[in-house]
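Enquirer: model the structure of this input:
(3 chains)
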Amino acid sequence: MMSAPPVHRLFTLLLAAYGAQRWWPARSAFAMMAGAVLVQNTAWTGAALAVRRLEEAGALHPAALRALEETWLWELIRPAGYFRVKAKRLRALAEFLQGHGDDPERLFQQELGALRRALLGVHGIGQETADSILCYGAAQPIFVVDAYTRRLFHRLGWSSPQASYETLQSMVHHAMPPDAGPAAAEEFAEFHALIVRHAKRHCRARPLCIGCPVTFCPMHRP
DNA sequence: ACCCAGGGTCATA
DNA sequence: TATGACCATGGG
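Expert: Numbering: from 1, shown residues only, chains lettered A, B, ... in the order given. Predicted coordinates for the structure are as follows:
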């Protein structure tokens, strides 16, 4: 049985190297949730443009979005890619919120476990999107696992390439206990953002390890 | 021209 | 439960 991986040390190194990312400053909780769907497997710039276009069209509210004609919705979100798929998912999200008074903030009052299960029940919301909403929308102490996390943890020798979502998430939750209050939630939010930031610089398809701040990485070169 | 980007669903075995 | 096809635009 090997010792626990230095997860929190990774966080500290990334924070020192890149600074606080202050991710996802959405205008409203619904804007954040819609953005979480629109950014799925897509570059942020396209998703952000789609959110802006929805806002300009006055459609950045559950009821307004439900009232949009399908083909018009397609045109608004086209820059985010997968526009037919994502239109359907946004509609499912808006219909889900209708059952909660069109009020995400009220939805977020639910107990965490029940809230997560409810989100996962919405068409188009999987684990990563659900946890993004919990972390960045509902300010809950939940770490968001993504492909970068999987690749980085594997590269560090902390996990197998096909480690499950839960396995990776529990590694972080274990190292950075969620019961540490609101400060912990902020750390999880920063940690995920820092991993994405780091991946763009150093851990793309080919490892660019020169100058990498993760000094304990087996592939690190000074 | 190719690769990939802040995933998830669905059909199939 | 575990793969694979599919979805689509935009930037490097």
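Enquirer: show me the contacts for the closest residue to A:Leu10 other than its chain neighbours.
Expert: Leaving out its chain neighbours, the residue that sits closest to A:Leu10 by CB to CB, 6 or more residues apart in numbering is A:Val214, at 6.5 Å. Quick note: C-beta positions are derived from backbone N, CA and C, even for glycine. A:Val214 makes contact with A:Leu10, A:Leu13, A:Leu14, A:Leu156, A:His198, A:His202, A:His220, according to CB atoms under 8 Å, 6 or more residues apart in numbering.
Enquirer: okay, A:Val214: pLDDT?
Expert: On pLDDT, A:Val214 comes in at 93.
Enquirer: OK, contacts around A:Ala175?
Expert: A:Ala4, A:Pro5, A:Val7, A:His8.
Enquirer: buried members of the contacts of A:Val214 into ChimeraX, please.
Expert: Those of these that count as buried under 16 or more other CB atoms under 10 Å are selected in ChimeraX with:
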select /A:10,13,14,156,198,202,220
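Enquirer: from the contacts of A:Val214, which two are the most distant?
Expert: A:Leu14 and A:His220 (13.5 Å; CB to CB).
Enquirer: can you pull out the residues in contact with the lowest-mean-pLDDT helix or strand in chain A?
Expert: Every helix and strand in chain A was compared by mean pLDDT, DSSP states H and E; the lowest is helix A:182-202, with a mean of 92. With CB under 8 Å, 6+ apart as the contact definition, helix A:182-202 has outside contacts at A:11, A:14-15, A:17-18, A:20-24, A:135-136, A:139-144, A:146, A:148-149, A:151-152, A:172, A:176-178, A:208-209, A:211-214.
Enquirer: domain parsing for chain A?
Expert: Under the assignment automatic domain parsing, the domains of chain A span A:7-20+A:144-202, A:29-137.
Enquirer: what does chain A put close to DNA strand B?
Expert: A:23-24, A:35-36, A:39-44, A:46, A:81-82, A:85, A:122-130, A:132, A:136, A:146-148, A:193, A:196, A:200, A:204-205 (CB under 7 Å from any atom of the strand).
Enquirer: strands along chain A, start to end?
Expert: Applying DSSP state E to chain A gives no strands.
Enquirer: closest to the centroid, which residue in it?
Expert: By CA atoms, centre = their mean, the mean C-alpha position of chain A lies nearest to A:Ser132, the distance being 3.5 Å.
Enquirer: and stretch A:70-86, end to end?
Expert: 11 Å (CA to CA, to the nearest Å).
Enquirer: and stretch A:88-95, what's buried?
Expert: Those would be A:Lys88, A:Arg89, A:Leu90, A:Arg91, A:Ala92, A:Leu93, A:Ala94, for stretch A:88-95 by 16+ other CB under 10 Å.
Enquirer: what's the answer for stretch A:9-28, then?
Expert: Buried, per 16+ other CB under 10 Å, within stretch A:9-28: A:Leu10, A:Phe11, A:Leu13, A:Leu14, A:Leu15, A:Ala17, A:Gln21, A:Trp23, A:Trp24, A:Ala26.
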